[in-house]
Structure formats: C-alpha cells, structure tokens
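Colleague: coords below, sequence missing:
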Ligand code: DMJ
C-alpha cells in the first residue's frame, strides 16, 4: 500500500512518501464515501505507517496544537483590550451629557432648565464612578471636583495611556495658543449657542466645545493645601456660625450683617470648584430649607448683589440646580425697589421684606462703585428669566454715568447723588475704595456681552489712560510702580490693597485683545502688590500703604500708618496673581501666592476652626486677631488661591466665564 523511501539502512530517514492503492483512488473500485468506510480506511492507513512516520505525524500535530493555544491566548488579550477600550469609550460618551449639564458655559432660560433638571437631580447626575487611581495627599483630602472625578480613567490600560499622551500634547498646544496674548486679539469661543436655543445642544456632546472632553489635571499639593484651609475655615463656620453671616472664630460665635447666611452663600461655588461635595450638599440643604428673603431687614444693594445674587447665579451655572436660580430670582426681585429714585441711580439700602429703599441716614448719595458694580448680576438675571426689567435698571445707570460730567480723563469721583444723578465730592480720584469696581465692571460687562457694547469699552480705555496720566508713580528705593490718588490736583502716594484688583483686570483686558501695554502695566503692578506683602513683617499686606517717593536711608518702599495696618483676609492680590498666571504661565506668580497662603496659615488661622482678620500685620508675635472671618475669604481668597495653583485652563475657562467682583463666575454670553 505504501513504500517508504526511508528503508532500513538508508542514510537519510527524514521524509515520508505515501502511495495510494487503486482502491483508494476515487472513481476506481467504486466510490464509497460512507463514514464507517472512511474511518476504517484511515485507521488502516495509520496502521500501515512505520513507527517513525507515526511519531513524526504525532509530533507535527502536537506542535500545531501548541501554536494554536499560544495564538488563541494572545488573540484573547487583544480582544479583551479592545472590549475594555470600547467600554471605556462608552462610559466617556455617557459622561459627556452629564458634564454638560453640570458645567455648561451658558445655561439657558429657566423653564427649560427646570424641565430638564427637576428639583435636584444634578447631585445624582454628578455621582462619580469609583476611580481606580490613587491620589496623593492626606486621605481626608482625597477629593476632586465632581466633573473632574467622572472623567478619571484607569492608568493601567496601555492604549489609554498612549491616548492620554497624545491628548496632553494637544492640550499643551491649545494652552500655548490661548496664553499668547501679546499683540494678538484673542476672541472668546464664538461657537457656543445663543441663549434662547439650547438646552438640547447643551445636553449632547458638542463637537464645537471639545475642550470640555479633555482629561482634567490631577489636584496638586498646593491645591490640596487650599482645600485643607477651606475645610478648616468651614469647620469653624459650621461649628459656631452655621446659617449666620460671619464667623467670629475666637469667641466661637457669629456676627450678623443682613442675617442671610452670607458666608454660606458666598462659599457655595467655591465648594463646587474645590470638589467638596459633602459640604456643598449640606449647604444646599440649608439654602433649600432655611434661606428666607421675606424678612424685615435692610440690606446693602451692592453687597447683597455681588455676594448673594452673584453667588446664587454662579452656583446655578456650575451645578445646574434650579433651586439656586429660584432663590436668585427671589432676591433679585426684592432688590428692585432700590432703583425707584428720582434719578434712577439706586439707593444704597433696601428693605427686602417691606420692599422699600433708602439712602444711608446721613446722605442722599450713593457710592459710585456700588451703583456701577451690580450690572453683571442683574444683566445675567434678565438673560435667565427673560425679564428685561433687571437689565434695564442697571443699564440705565451705566448710560447715565457714561455721559455724566465731573470725570477727569475717564476717572470718576466716588459719590453720586440719587436725587440729582450728579457726581458729588468732585475732585477726588482713586482706584481704591468707593470707585474700584466701576473700572472692573466696565471691562467685564463688555466681555460678558460679547464685546459689542462700545461705550463700556470706551469708558474703560479712557479710564486706564486717566490712571496712567494722573495716578501712576514710582516708589523708592525699588522703583515700584504704584497707583496713588488725586485730591483736588494733589497727588497722594496712598494705595489701598483694594487697588490690587487692577493688575488682574488689565491682564484680562489684554487677553481679550486690548492694548498690549496694559499687560506690561499689569506685570509691574502685580510686583508692587506682592511687595505690599513681602516688605511687611508678617508677609501679609496691610489695608492701605503709603509709598516712599524719595529714597531715605533704612526706609523701604512701603510705609504703613498705625490706622491702616490691619488685614481683612482680602482677595485682590491673589485674584490678580491668578489672572497673571493664567495668561503668562510664569510660575513665580504661583510661588508668590503660595507664600501668601502660608502666611495666612501662620498668622490668621484659629486652631479651633476658622481664620481671623488681624489688626497688626507688622507684629508677627502678636498680630492682634480681630475675631472675624469675612465671607469673601471663602468666596474669593481661597477660590482664587485654588485656581492660581491649578494648571488647568478649563477649570473656569476665562473665555467662557467672567468673574463678578466677589469671584463668582458668570457665563460670557454667546455672540449673536
Ligand atoms: C469684596 O466684597 C469684593 O471683592 C469687593 O469688590 C471689594 N471688597 C471685598 C473684598 O475685598
């Protein structure tokens, strides 16, 4: 049946030949293809093989089987990783709508928002998946902002890691283009939707807002230190002042200003940004159950607008929770009587329970900064409610001030009369208290409205020229550029810490395409603001400094009068450091902020909870605590610290949000 060429004695036995007999040839001897016949015939052939031939065949089969097993295993791995990846992708896709709900650049009109969000659905929407990664820092600080949490991915997936590297590269490229402010006009995102059209678009992943899908940056050590500071402050507030306006951390009690839980409301969006979900939910409950505006109480229009209305609006935007919008509408309506004046320049005080308003007892004047720094909030309230009355009221003030005489090269006096509508106390010009945020809101309203309201821009540009012409001087010995004051033609080398908002505002203007020399000025002014801390014994700035115009042996640039040496935990320098870092990427700004945080911890932290303002920044051994934690410490100072230490430009993207003067981010409206 077969002849083996490998016969005994043959020198080579390494091949097999099979010869088929006639009966095996199809068609010969009749074709029999039955199973039994085939089995029998195969077995017969196998028996006819030599032992060597059988061994070789068995070896070949075994070899093929081993190869088969190996390739099956590796295919399985490949398949598993493909499956994992597709699950990962699915999860990312599911998360995108949630992120959009929680953190859209522009939330639409409330009817739609209500319909979509229900009473309080976003907190469950925010529920993060348990991330498999390990975070640095103390275990009690293993927290992250809700939307960042949801986007965390496993670090063990190689394919994902490669994607991340590619993504990071993309982010870096984007970042570079955004921070290159010099000479270039950089437009805000032109592609977001107009307010009336968009809940549906907001909910689905949009190709026009790809940055929302980027990997978030992990929280770093300095940010963790801010979270720790916030929690310490919050502990004091919670233990001793819950639901009241301000904590008195030393006496373990509280003070009331309006009786509206000011600190709690001011801190809401900070908690959201820092990722303090538990604290946020607890505070949210208080807002839902205990915050009542129907109270026979006089509130200051400006302070309640920037802290309460601003805080509620920004929290609504960040969380998507309609509770905050409802509360914002309530307080907004209750503040409206302030505008019922002969001139339409609002009174400073409103009784939110009675619906009456009045100026302070001693005058019929209002402060210029106060009546011109409520616009971002009221304009946004109109956009969200569709009720123009809020916007009309505040726009009228701006239009009136725009044409008012009594300015000096764009610089405004500090008071305005609610009867006549004229500036009073003419001849005194400052960028500090009573005028400061007028300048800030000129620029920010222009940005908020999509850079179309030219009168605002004109007034802003003119004012900065006025600052350069009348208020800038250089100190000795360090030649620090500072912003002084002008009183009836006399220059005073006095500068409030409040003026330190200016470098940040100038930088924001330059980022939005305004003159590049504004950025230069911002750089020199922020150095001065930093020196207001660095040249002082505690490393904390006093409320007011006087700069030396003439070099004197043994004198620094900064002089402090006994009445001015307090520190109220104010935010302005940290605020400007944040803008400067965002737009330049220069790490020195982060380092300066870090020094300031450490000094707050050293001299103002109260061991039992909370931070206190102090009376004497020049005495490190006894800074004389004042026993008060201002609401803006949580609303502004710590928030700006956290943002300053972040390298994530999408953590409150400055092309999408504009901060009100109390650090509450409000959306930049979409250009028509
Ligand atoms: C805050 O209420 C606001 O920043 C306001 O514009 C100025 N004063 C405090 C902080 O210093």
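Modeller: All right, it came through fine. Being a predicted model, the structure only gives us computed values, none of them experimental.
Colleague: buried ones in stretch 599-608?
Modeller: The neighbour-count check on stretch 599-608 (16 or more other Cβ atoms under 10 Å) flags 599, 600, 603, 604, 605, 606 as buried. (Glycine included, C-beta is placed from N, CA and C.)
Colleague: kindly apply the preceding question to stretch 262-279 instead.
Modeller: Going by neighbour count (16+ other Cβ under 10 Å), the buried part of stretch 262-279 is 262-277, 279.
Colleague: and for stretch 550-569?
Modeller: Residues 556, 557, 558, 559, 560, 564, 565, 566, 567, 568, 569 are the ones in stretch 550-569 that count as buried (16+ other Cβ under 10 Å).
Colleague: just these: which are in strands?
Modeller: Those of the buried residues of stretch 550-569 mapping onto strands are 558, 559, per DSSP state E.
Colleague: excluding chain neighbours, give the residue nearest to whichever residue of the stretch 451-600 of the chain sits closest to the ligand in space.
Modeller: Using Cβ to the nearest ligand atom, the single residue of the stretch 451-600 of the chain nearest to the ligand is residue 570, 3.9 Å away. Ranked by Cβ to Cβ, 6 or more residues apart in numbering and with sequence neighbours excluded, the top spatial neighbour of residue 570 is residue 497, at 5.6 Å.
Colleague: list the contacts for residue 280?
Modeller: Counting by Cβ atoms under 8 Å, 6 or more residues apart in numbering, residue 280 makes contact with 268, 271, 272, 319.
Colleague: the first one touches residue 283, doesn't it?
Modeller: This points to residue 268. Yes - between residue 268 and residue 283 a contact is recorded at 5.9 Å, counting by Cβ atoms under 8 Å.
Colleague: coming back round to it: out of the contacts of residue 280, which is nearest to residue 418?
Modeller: Comparing the contacts of residue 280 against residue 418 with Cβ to Cβ places residue 268 closest, at 31.7 Å.
Colleague: what's the pLDDT at the closest one?
Modeller: Looking at residue 268, its pLDDT reads 99.
Colleague: once you drop chain neighbours, what's closest to it?
Modeller: residue 315 (4.3 Å).
Colleague: quick check: the one you found vs the ligand, distance?
Modeller: According to Cβ to the nearest ligand atom, to the nearest Å, residue 315 and the ligand sit 17 Å apart.
Colleague: same thing with residue 389?
Modeller: Distance of residue 389 to the ligand, computed by Cβ to the nearest ligand atom: 25 Å.
Colleague: ok, back up a step: pretty sure the residue of the stretch 451-600 of the chain closest to the ligand is touching residue 496, no?
Modeller: No - at 9.5 Å, residue 570 does not count as touching residue 496 under the criterion of Cβ under 8 Å.
Colleague: re earlier: OK, contacts around the residue of the stretch 451-600 of the chain closest to the ligand?
Modeller: Residue 570 touches 497, 498, 541, 543, 630, 632, 637, counting by Cβ under 8 Å, 6+ apart.
Colleague: can I get the residues you listed in TSV including secondary structure?
Modeller: As requested, these are arranged in TSV below (DSSP: H, G, I helix; E, B strand; the rest coil):
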residue	secondary structure
497	helix
498	helix
541	coil
543	coil
630	coil
632	helix
637	helix
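Colleague: please identify, among the residues you listed, the one with the most neighbours.
Modeller: Per-residue neighbour counts (other Cβ atoms under 10 Å) across these peak at residue 637, which has 29 neighbours.
Colleague: nearest residue to that residue other than its sequence neighbours?
Modeller: residue 571 (4.1 Å).
Colleague: and what of residue 352?
Modeller: Spatial nearest neighbour of residue 352, chain neighbours left out: residue 334 (4.0 Å); criterion: Cβ to Cβ, 6+ apart.
Colleague: ok so, going back, so which of the contacts of residue 570 are also by the ligand?
Modeller: Near the ligand, judged by Cβ under 6 Å from any ligand atom, the entries from the contacts of residue 570 are 498, 632.
Colleague: in a markdown table, list the contacts of residue 570 along with distance to residue 368.
Modeller: Formatted as a markdown table, these follow (distance: Cβ to Cβ, whole Å):
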| residue | distance to residue 368 |
| --- | --- |
| 497 | 19 |
| 498 | 14 |
| 541 | 24 |
| 543 | 20 |
| 630 | 22 |
| 632 | 20 |
| 637 | 25 |
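Colleague: what lies in contact with stretch 627-636?
Modeller: Contacts for stretch 627-636 (Cβ under 8 Å, 6+ apart): 230, 233-234, 236-237, 245-251, 255, 262-263, 265-267, 269-270, 307, 311, 568-571, 574-575, 610-613, 662-664.
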